[in-house]
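Q: Sequence first, predicted model second:
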Amino acid sequence: MKLKIGLWLALFAGAALFVSLIAYEGVDEVLAAFAAAGWGLALVVAYNVVILAANAAGWASLIPRDCRPAALLILAMRWIGNAVNQMLPVAQVGGEILRARLLAQSGVPGAVAGAGVVADMTAGLATQGVFAVVGVFLLVLNGGGSNLLPIVVGLLGLGGLLAVFFWAQRSGGFMRLARFIEKGASGRKLTALTGGAAALDQAVGDVYARPGPFLFCCLWRLAAWTLFAVETWLILRILGYPISLGEAIVVESFVQVLRTIGFMVPGALGIQEGGYLALGAMAGVPPDAALALSLVKRARDLILGLPGLLAWQIHEFARLRRSRTAG
């Protein structure tokens, strides 16, 4: 209950920041800049599917071949998981739990499904750190060293999250958490999903015992982070404010760090907008265009996210109907 209250408070705070930033910069100016995207928004949506596919390919590499679902099915699971994280107040982890659940329902052993998602999240955090370091290097290279302090603080926050997450895996923290949940929920639902606490902990260790697939996943995740920067470059060109690809990497790498650190705020509402305002200014992007950039990305999330939530509900309804018929 406390977690739910915290999530709703974070949502209201983020929404207040979002509205304040739009109002401060001028609603008409921001909406006019957003409208400049026009049919280019369809191109952005189609391009984001490529990013989704790259992340899905990285996740798939962690699933053993003998039980790995078809590529399109994994892509659909990733799409639904992203939709839940972007559209619902789930602290950016509800979609990851759902991914493991969907994977287990497809026939993958529960422990393997859970471990694959945990390792994929670790790869995402680790490669995001690498991507952010590249952003720092490009910023310094272009004479932006005076702006490094808040960026370094953000990197330290990201490093702390990664360290805690990795430590929890290597020290048996996930097993202790799973056992705690099992006791509170009679164990049946969690055991059905993960095969039990000990099985999940063992499966996570097995993933890291095979460094090849994990490295392959990291390469795909790093490619996806780079594709996000290309998306920023593309949107700003569509809006009429072109920047270099290097500047787009600087902007996107640090906005993504802010999103990760602010994971408790649903959809990073307000945080994303503030990030694009501050970091876009370094690349010479005016405030109304920076906010329009964020709005285009939010429109893209809606266009892809709402059908994703619908697909999830259709899947759950069909599964429930099948179970009733079988019973």
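A: Great, that's in hand.

Q: just for the stretch 201-327 of the chain, where's the confidence low?
A: Within the stretch 201-327 of the chain, the stretches with pLDDT under 70 are 326-327.

Q: the helices in it, which residues?
A: Applying DSSP state H, counting those that start in this stretch to the stretch 201-327 of the chain gives helices spanning 211-239, 245-261, 271-282, 287-326.

Q: Distance to residue 29 and mean neighbour count added to those, as TSV?
A: Yep, even glycine has a C-beta here, placed from its N, CA and C like the rest. Output for these, formatted as TSV (distance: least, C-beta to C-beta, whole Å; neighbours: other C-beta atoms under 10 Å):
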stretch	distance to residue 29	mean neighbour count
helix 211-239	12	19
helix 245-261	20	23
helix 271-282	13	22
helix 287-326	4	17
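
Q: Which among the ones you listed is found nearest to residue 100?
A: helix 287-326 (13.9 Å; C-beta to C-beta).

Q: Now do the closest one against helix 271-282, angle only.
A: Counting by axes from the mean of the first three to the mean of the last three C-alpha atoms, to 10 degrees, helix 287-326 lies at 150 degrees to helix 271-282.

Q: so how far is helix 287-326 from its chain's centroid?
A: Relative to its chain's centre, helix 287-326 lies at 14 Å (C-alpha atoms, centre = their mean, to the nearest Å).

Q: switch to numbering from 52
A: All right, first residue 52 from here; so that's helix 338-377.

Q: what helices or strands is it leaning on?
A: On a contact count with 3 or more C-beta pairs under 8 Å, 6 or more residues apart in numbering; DSSP states H and E, helix 338-377 meets helix 53-76, helix 78-86, helix 91-111, helix 122-138, helix 145-156, helix 262-290, helix 322-333.

Q: Buried residues of the second one, list them for me.
A: Taking 16 or more other C-beta atoms under 10 Å as the basis for neighbour counts, the residues of helix 78-86 that come out buried are 80-81, 84-85.

Q: Run through who's touching stretch 267-285.
A: Here stretch 267-285 makes contact (C-beta atoms under 8 Å, 6 or more residues apart in numbering) with 94-95, 98-99, 101-102, 105-106, 108-110, 112-113, 170-171, 174-175, 177-179, 181-182, 293-296, 299-300, 302-304, 307, 344, 348.

Q: re earlier: any idea which of the helices of the stretch 252-378 of the chain gets closest to residue 69?
A: Among the helices of the stretch 252-378 of the chain, helix 322-333 sits nearest to residue 69 (C-beta to C-beta), with 5.7 Å.

Q: Not counting that closest one itself, show me its contacts.
A: Residues from elsewhere that reach helix 322-333 (C-beta under 8 Å, 6+ apart): 65, 68-69, 72-73, 76, 190, 195, 198, 201, 298, 301-302, 305-306, 309-310, 313, 316, 336-338, 340-342, 344-345, 348-349.

Q: ok, back up a step: to residue 356, which of the helices and strands packed on helix 338-377 lies closest?
A: helix 122-138 (4.2 Å).

Q: Give me the buried positions along that closest one.
A: Buried, per 16+ other C-beta under 10 Å, within helix 122-138: 125-138.

Q: Could you dump those residues into TSV and include pLDDT and distance to residue 358?
A: Output for the buried residues of helix 122-138, formatted as TSV (pLDDT from 0 to 100; distance: C-beta to C-beta, whole Å):
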residue	pLDDT	distance to residue 358
125	97	17
126	97	14
127	97	11
128	96	14
129	97	14
130	96	9
131	96	10
132	94	14
133	94	12
134	93	8
135	91	13
136	90	15
137	88	12
138	84	11
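
Q: Could you point out which of the residues you listed is nearest to residue 214?
A: Nearest to residue 214 among these: residue 136, at 22.1 Å, using C-beta to C-beta.

Q: Which residue, neighbours along the chain excluded, lies closest to that closest one?
A: Leaving aside its sequence neighbours, residue 136 sits nearest to residue 146 (C-beta to C-beta, 6 or more residues apart in numbering; 3.6 Å).

Q: ok, how many other residues are close to that neighbour?
A: For residue 146, the neighbour count with other C-beta atoms under 10 Å is 24.

Q: Would you enumerate the residues in contact with the closest residue to residue 134 other than its chain neighbours?
A: Computed as C-beta to C-beta, 6+ apart, the closest residue to residue 134 that is not its neighbour in sequence is residue 359, at 2.7 Å. Contacts of residue 359 were listed using C-beta under 8 Å, 6+ apart, and they are 130-131, 133-135, 138.

Q: Repeat the analysis, applying 6 Å as the threshold.
A: 130-131, 134 (C-beta atoms under 6 Å, 6 or more residues apart in numbering).

Q: where exactly do the helices run in the stretch 102-251 of the chain?
A: 122-138, 145-156, 161-192, 199-221, 224-235, 239-245, 248-259.

Q: Only the buried members of the contacts of stretch 267-285: can you turn that into a PyMOL selection?
A: Only the buried entries of the contacts of stretch 267-285 go into this PyMOL selection, using 16+ other C-beta under 10 Å:
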select buried, resi 95+98+99+102+105+106+108+109+110+112+113+170+171+174+175+177+178+179+182+294+299+300+302+303+304+307+344+348
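
Q: Right, I'll call it a day here.
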